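# Here is my input, please return the structure:
(3 chains)
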Amino acid sequence: MSHAFQFYATTLLVYLGVDVLSVWSLNLQYGMTGIYNFAWILFQSIGAYTAAVLTLGPSTANTGFQHFILGTSIPFPLPLLIAGAVAGVFSIPIGFVALRRLRADYEATVMLVISVVATLIVSNVQGMFNGTAGLSLIPEPLYTFLHVSTLSYSWLYVLFTAVVCGIVYIFVHRVTSSPLGRAMRAVRDNEAAAESLGKHVTSVRMFAFIFGNVIAGMSGALLVQFIGAWSPGAWFFVETLIILTAIIVGGTGNNGGVILGALLVPIVFNEATRYIPTSFAPAAIVDSVQWCVIGGLALAFLWFRPQGILPERRRRFPVPPEYAAMAAAGRYPPHDERGATGTPPVAVLASETES
Amino acid sequence: MTVSTLHDAPAATTGAVVPLLSVRNLRREFGGVVAVDDASFDVLPGTITSLIGPNGAGKSTAVGIIGGGIRPTKGTVQFAGEDLTGLPPYARAERGLIRTFQLSSQFSKLTVLENLLAAAPHQRGEQFRVLVFGKRLWREEQDRLLERAYELLVRFSMFEMRDEYAGNLSGGQKRLVEIMRALMANPKMVLLDEPMAGVNPTLARAIEGYLLDLAAEGVTLLLVEHELDVVERLSDNVVVMAQGRTIATGSMTELRENEEVVRAYLEG
Amino acid sequence: MLLANVVVPSIGFGIVTASILALAAVGFTLQFGVTNILNLAFGDVMTASAFVGYYVNQAGGDIAESILAAAVFGAVASWALNRCVFTPFVRRGTKLFGMVIVTLSVGTIVQNVLLGAFGADFFTFQGGLSTQYHVAGMTFSTLQLVIIAIGVVAMALLQLLLSRTKLGKAMRATSANPALARVSGISTDRVVDVAWLLSGAMCGLAGIVLVLNTTTFESTTGSSFLVVVIAAAMLGGVGRPAGAMVASVVIGVAMEVAATFITPTFKEVIAFGVLILVLLLRPQGLFGQASSVREVAA
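Numbers count the residues shown, from 1 in each chain, chains lettered A, B, ... in the order given. The predicted structure is shown next:
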């Protein structure tokens, strides 16, 4: 494999890892809990900026052409973790405003507005994160320490990304396959019923929001420490649409399905259109074609297959053998015999038709 | 029990049972409309009480207030000796007061079994700090819940349907899931808003049987119900509402003789 | 006073902005009110209409013809979008949030088609009509007066339509309860068509006057403005045209007055500050009723 191809491959793989974290995080919120987080990109961005200002060193360095807050050099892997935590912390006031009992499209619109406002503020307040120009020269973690070639470093970063994905997956899986995951889906399916059965709906939603955004923040840190730069152009509110489309295509609510979506949508479609020969059309066309494809994909799947390629799995539970036998024989468990007043035979109810 | 108007309900006298639920002077307005005007009644523990009245009498609103989903303009709700005013629905559920809904409220994309599992309150497995350390900390609790769920499923003859998505069930089956879910929560009292509405007669009879079983096991029930013969068969006590007010209480026989009640039904 | 020299003229700007905003916000809120769709493609249809007006002008048409062309395009395009895309999705069972993704996707496609067709550069649209008038300490160009006039006339006509005509009553009925309206014999399909034509015309008008006022524009101009439009619509109570009009004046003037005290680029943050306050204190807006979950009409 040529060096050029390897660089391309490592970039793609790191992006894939970041996108996998992204789809898991938004899936926790949207797919599992029904939170319409149209401000998702904002949280990835918070993570990216946090990691940047924690590793860039003082803003006066490099002739001070960048103006930003903080500016320290915190050792690996702390910036990643802190980035996640900061994104989580920001989730609290934003969640407080946006996660009130609003109808779905309202909530989405509010989130969208918040995302846009944030872009506006960051772009215009120069001293915060260097405004529209953004931050650059963000150092890659442990690069000088490791003394390897840039290519070998890239592969190491791929490995690092994979490890982060693996660890995050453990937590994500623990949540989604647990009673908490079930409570989240119950809240998604019917808030009022969930609450009437004792679920703290607001807490459940807040948890999903925070947990998802922590992962989003970490994905941002992971990305920014690889590509070295971050600016408002990277996080316009429509970027959330890419991840959302990936989830819709791959399979809402299905952790494996969304990985497929992360593979297909950001990677395949965006990379595929990159090879439209530039003699054919100017550079702006490529960009616009990519967005049109994303929009078209979302529409197509919402029309033909809203549940996605790999829909949410049906969860089954093991049955102790004595129950299976009893149910088959149509008999109740012994200690229930006293209560069986006037209850009709099993057959009538088991074959219940629409009344 | 004697026929009486409940605006000045007597305090519990010596030897009398303390009510599990005590509703006093409830009032609720929506815009300009007064849905509930001055409703007061008691429900004794271990009994089945029916709330009846013509359309628009405010029965569903009253149940909504008791369940916590609707905030009253005035009045109090006391449950198991505690004032529930201001408590949201989940807090009431945690105290053993469960409400079911008139329209289907199942968790459609969860299986029937999952619907039941989700209904149990206070699960350790729902706390993140427990989850983080792995399945073994909540597996035992889940196994116990599974056992209880399986028992209920067999008892209500829904065992074969346990892995069906609740959204795919027929209306009657959804109603059964609703009742089973209420039971998973180990309630002291269940509020049922027209549990037999839209259900075929055979299933309605079956549900009657289940409700009687529940009362026999000590669960207190408050039903909103239209079918007066069902009310007569099931209820230990009947409360009549008309135009937002509680106008009488007693047994069906007594109420049939009550002029005010008869007039209310005729005038609607 | 110095303050008067600075604040009063900004009120003038505020009135112009309010007129533009009112056209857009009322159009947006009408679409929501009658069909229960939060149309996030609204801003992009505005941009497209502006491009149409611009090219009419380039081809030799005068300002009036450009404005008319934009309005007509906006009307037809919006109507077509609803007929061919939004309503079919609703009939297919797409729920509220799904519709948000649908409208956003459509908007993204429209915006990027414009980007691909016309490139990323800024366009300049000089409306001429630059004679200055001084009124009560505020300065307006003829063009700005025309914009204000368009806004006021359009709003007045719409109010008349909604409150006095049969069609207006039908629209209000469909807005309040589509099922009931249908059962009462109102042809809700026809009402919906008219609503989208009207609101689309306002969308087109808003797009062209926005561009004439700022003179430079490109493919993202409309969608950037959309967020202020949403703020005005929500402040006024979504689905309430009268509310949107009042909210537009409030936000338009507030934005411009604030711009004299803080960085002009920040003035949009004012609108969002207002929106956040609204959501925290009174989510139904100034004139709305407490929102209940309602599925999309049609």
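
# and the closest residue to C:L210 other than its chain neighbours, how far is that from chain B?
Closest residue to C:L210 apart from its sequence neighbours, by Cβ to Cβ, 6 or more residues apart in numbering or on different chains: C:I20 at 5.2 Å. Where C-beta positions appear, they are placed from N, C-alpha and C, glycine not excepted. To chain B, C:I20 is 35 Å away according to Cβ to the nearest Cβ, to the nearest Å.

# What helix or strand is C:I20 located in?
helix C:2-35 (DSSP states H and E).

# do B:A264 as well
Using DSSP H and E, B:A264 falls in helix B:259-267.

# So which residues make contact with that helix?
Contacts with helix B:259-267, where a contact means Cβ atoms under 8 Å, 6 or more residues apart in numbering or on different chains, come from B:5, B:53-54, B:57, B:240, B:242-243, B:247-248, B:255-256.

# So the one residue in the stretch 101-250 of chain C that gets nearest to chain B versus C:S184, what's the distance?
Using Cβ to the nearest Cβ, the single residue of the stretch 101-250 of chain C nearest to chain B is C:A176, 13.4 Å away. Distance, C:A176 to C:S184, by Cβ to Cβ, to the nearest Å: 11 Å.

# Likewise for C:A50?
Distance, C:A50 to C:S184, using Cβ to Cβ: 39 Å.

# Excluding covalently adjacent residues, which one is nearest to C:I15?
That would be C:I148: by Cβ to Cβ, 6+ apart, it lies 6.1 Å from C:I15.

# ditto for B:D236
B:D236 sits nearest to B:T47 (Cβ to Cβ, 6+ apart), 3.9 Å away.

# got it, and C:V249?
Of all residues not flanking C:V249 in the chain, C:A18 sits nearest, at 4.6 Å (Cβ to Cβ, 6+ apart).

# B:G81 too?
The shortest distance from B:G81 to any residue other than its chain neighbours is 7.6 Å, reached at B:V18 (Cβ to Cβ, 6+ apart).

# returning to what we had before: so which of C:A50 and C:S184 has more stuff around it?
Shown here are C:A50 and C:S184; by other Cβ atoms under 10 Å in any protein chain shown, C:A50 has more neighbours (29 against 12).

# for the chain, what are the low-confidence residue spans?
No chain specified, so I'll use chain A. A:1, A:272, A:274-284, A:327, A:330-355 (pLDDT under 70).

# my question was about chain B
B:1-16, B:266-268.

# Return the alpha-carbon coordinates of the lengthiest helix in it using CSV.
In chain B, taking DSSP state H as the definition, the longest helix is helix B:136-155. C-alpha atoms of helix B:136-155 as CSV (Å, rounded to 0.1, in the frame of the first residue of the first chain):
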residue,chain,number,x,y,z
ARG,B,136,-24.6,-8.6,38.2
LEU,B,137,-25.8,-5.8,40.4
TRP,B,138,-29.2,-5.8,38.9
ARG,B,139,-29.6,-9.2,37.4
GLU,B,140,-31.2,-10.6,40.6
GLU,B,141,-33.8,-7.8,40.7
GLN,B,142,-34.6,-8.4,37.1
ASP,B,143,-35.0,-12.1,37.6
ARG,B,144,-37.5,-11.5,40.4
LEU,B,145,-39.4,-9.0,38.2
LEU,B,146,-39.4,-11.5,35.4
GLU,B,147,-41.0,-14.1,37.6
ARG,B,148,-43.7,-11.7,38.7
ALA,B,149,-44.3,-10.7,35.1
TYR,B,150,-44.6,-14.3,34.0
GLU,B,151,-47.1,-15.0,36.7
LEU,B,152,-49.2,-12.1,35.7
LEU,B,153,-49.0,-13.1,32.0
VAL,B,154,-50.1,-16.6,32.7
ARG,B,155,-52.9,-15.4,35.0
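
# residues of that helix that come out buried?
Applying a neighbour-count criterion of 16 or more other Cβ atoms under 10 Å in any protein chain shown, one finds B:137-138, B:141-142, B:145-146, B:148-155 buried in helix B:136-155.

# how near is the nearest residue to A:L263 once chain neighbours are set aside to A:S154?
Excluding the flanking residues, the one nearest A:L263 by Cβ to Cβ, 6+ apart is A:L16, at 6.6 Å. According to Cβ to Cβ, A:L16 and A:S154 sit 14 Å apart.

# Which strand or helix spans the most centrally placed residue in chain B?
Nearest to the geometric centre of chain B sits B:L191, at 0.9 Å (Cα atoms, centre = their mean). Per DSSP H and E, B:L191 falls inside strand B:189-193.

# what angle separates the following helix or strand past that strand from helix B:136-155?
In the C-terminal direction, the helix or strand that comes right after strand B:189-193 (DSSP H and E) is helix B:201-216. Interaxial angle of helix B:201-216 relative to helix B:136-155 (axes from the mean of the first three to the mean of the last three Cα atoms, to 10 degrees): 130 degrees.

# After helix B:201-216, heading C-terminal, what element do we hit next?
Trace forward from helix B:201-216 with DSSP H and E and the next one is strand B:220-224.

# A:F65: neighbouring residues, count only.
Number of residues near A:F65 (other Cβ under 10 Å) recorded here: 12.

# Leaving out chain neighbours, which residue sits closest to B:K188?
Nearest non-adjacent residue to B:K188, counting by Cβ to Cβ, 6+ apart: B:G96, 3.5 Å away.

# surely B:Q142 meets B:E114?
No. Counting by Cβ atoms under 8 Å, B:E114 is not a contact partner of B:Q142; they are 11.3 Å apart.

# got the phi/psi numbers for B:F79?
Here is the backbone geometry of B:F79 (degrees, to the nearest 10): phi -130, psi 120.

# what about it, distance to B:S235?
For B:F79, the distance to B:S235 - Cβ to Cβ - is 20 Å.

# ok, C:L40 touching C:F97?
No. The pair C:L40 / C:F97 is not scored as a contact, 11.8 Å apart, by Cβ under 8 Å.

# rewinding a little: what's the closest of the contacts of helix B:259-267 to C:V110?
Nearest to C:V110 among the contacts of helix B:259-267: B:A57, at 53.0 Å, using Cβ to Cβ.

# who are the neighbours in contact with the closest one?
Taking Cβ under 8 Å, 6+ apart, we find B:A57 in contact with B:241-244, B:264.

# can you map out the helices along the stretch 51-200 of chain B?
Taking DSSP state H, counting those that start in this stretch as the criterion, the stretch 51-200 of chain B carries its helices at B:59-67, B:89-94, B:112-119, B:128-131, B:136-155, B:171-184.
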